[in-house]
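**Q** got a structure for you, letters missing:
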């Protein structure tokens, strides 16, 4: 089935991006966070984080916060992002197969 | 522009979740009707690709950065705004639950911004432009517009939450994302569509080929 090639090509491109991301991606705060720092924290990142932390309605600990694994540095980031990419590949393929049309072979 | 927990009051997050759930239900309906042997692998490839590209923050001036949403690209390739809704929902669930990127209570608001607004603005602006300026120009414009409008909606959500003043929030969110959108969304959307058309034009929805109406 040549359509398998679509998954393989997509997975290869996505994994290449995932491996490069920890080295190439900008660590500057994103547009929303920048606004939070300036408009809420008065230009101070810690003040903004404190403000948000006090208001947080739930305490939830994600297994790999900020796309990193504690104590593993850049390698941990690569592992985290690649794992997320593979997880997304599996979830979207699984969901699409369950929902999609069953066509006769 | 992932909104974390603690910014939007709980009762408002419930409203965004309800809006998101209506569109998620519609997107599942779309998937059941529309996903065929060609679109199933494409949805999976886009899911992996969008997650990966969202980890790639591109620097812009003012010491800030931003990344692609991908809803416009998904909507164009799969021929439905609901493709953007479904894929961004999955991406936001994985990001929020596994990586603490975007909140859990705030996830509905993020799905509304990046999935619903991104997917619908991307899909309909692409279709409005594809016949006059061609696929490459239309996909660039659709990508740019999708992230720009989504950022304005995010600013309004932050205003209702009592976090940002309205005009300053709109101005700064709009300004940052107008810049992020040029390379971060517009250019990547146009290049990705252009490359896929060069290699496998058969995987792009016929609805997105110029000359074919949206309703066709």
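**A** That came in fine, so what should we check first? Computed from a prediction, not measured in an experiment: that's the story for all the values here. Numbering: from 1, shown residues only, chains lettered A, B, ... in the order given.
**Q** Point me to the residue of chain B nearest chain A.
**A** At 2.3 Å from chain A, residue B:45 is the closest residue in chain B, using Cβ to the nearest Cβ. Placement of C-beta: from N, CA and C, glycine included.
**Q** Spell out whether stretch B:178-197 and chain A are in contact.
**A** Yes. With Cβ under 8 Å from any Cβ of the partner chain as the criterion, chain A is reached by stretch B:178-197 at residue B:180.
**Q** Mind listing what's buried along that stretch?
**A** Residues of stretch B:178-197 classed as buried by neighbour count (16 or more other Cβ atoms under 10 Å in any protein chain shown): B:178-182, B:184-190, B:192-193, B:196-197.
**Q** Stretch B:148-159 now?
**A** B:148, B:149, B:150, B:151, B:152, B:153, B:154, B:155, B:157, B:158, B:159.
**Q** Check whether it comes into contact with chain A.
**A** Yes. Using Cβ under 8 Å from any Cβ, stretch B:148-159 reaches chain A at B:151, B:154, B:158.
**Q** and for that stretch, what are the contacting residues?
**A** Residues from elsewhere that reach stretch B:148-159, judged by Cβ atoms under 8 Å, 6 or more residues apart in numbering or on different chains: A:31-32, A:35, B:1, B:3, B:7-8, B:12, B:16, B:69, B:109, B:112-114, B:117-118, B:121, B:164-166, B:169-170, B:172-174, B:176-178, B:181.
**Q** what is the mean pLDDT for that stretch?
**A** On average, the pLDDT along stretch B:148-159 is 98.
**Q** low-scoring stretches of chain A, by residue?
**A** For chain A, the stretches with pLDDT under 70 are A:1-2, A:102-105.
**Q** mind checking the SS state of the residue in it that chain B sits nearest to?
**A** Per Cβ to the nearest Cβ, residue A:10 is where chain A lies closest to chain B, at 2.3 Å. Classification of residue A:10 using DSSP: H, G, I helix; E, B strand; the rest coil returns helix.
**Q** how far away is it from residue B:76?
**A** Shown here: residue A:10 relative to residue B:76, a distance of 16 Å by Cβ to Cβ, to the nearest Å.
**Q** quick one: which of those two has more around it?
**A** The neighbour count for residue A:10 versus residue B:76, taken as other Cβ atoms under 10 Å in any protein chain shown, is higher for residue B:76 (32 against 24).
**Q** The more buried one and residue A:70, how far apart?
**A** Distance from residue B:76 to residue A:70, by Cβ to Cβ: 39 Å.
**Q** swap in residue A:4?
**A** Distance from residue A:4 to residue A:70, by Cβ to Cβ: 37 Å.
**Q** coming back round to it: tell me which of the buried residues of stretch B:148-159 is nearest to residue B:60?
**A** Residue B:60 has its nearest neighbour among the buried residues of stretch B:148-159 in residue B:151, at 12.5 Å by Cβ to Cβ.
**Q** Look up the closest residue to the closest one, ignoring the ones flanking it.
**A** Once flanking residues are discounted, residue B:151 sits nearest to residue B:177: 3.5 Å by Cβ to Cβ, 6 or more residues apart in numbering or on different chains.
**Q** can you give me how far stretch B:172-190 is from the chain middle?
**A** 12 Å (Cα atoms, centre = their mean, to the nearest Å).
**Q** for it, how far is the first residue from the last?
**A** End-to-end distance of stretch B:172-190: 25 Å, with Cα to Cα, to the nearest Å as the criterion.
**Q** now the helices for chain A?
**A** Using DSSP state H, the helices assigned to chain A run over residues A:4-24, A:31-35, A:45-55, A:73-99.
**Q** Show me the contacts of stretch B:148-159 that map onto helices.
**A** Mapping these onto helices (DSSP H) picks out A:31-32, A:35, B:12, B:16, B:109, B:118, B:121, B:166, B:169-170, B:172-174, B:176-178, B:181.
**Q** among these, which ones are buried?
**A** Buried residues within the ones in helices among the contacts of stretch B:148-159, counting neighbours by 16+ other Cβ under 10 Å: A:31-32, A:35, B:12, B:16, B:109, B:118, B:121, B:169-170, B:172-174, B:176-178, B:181.
**Q** contacting residues around residue B:168?
**A** residue A:39.
**Q** Report the separation between it and residue B:149.
**A** To residue B:149, residue B:168 is 18 Å away according to Cβ to Cβ.
**Q** One more: residue B:67?
**A** Distance from residue B:67 to residue B:149, by Cβ to Cβ: 17 Å.
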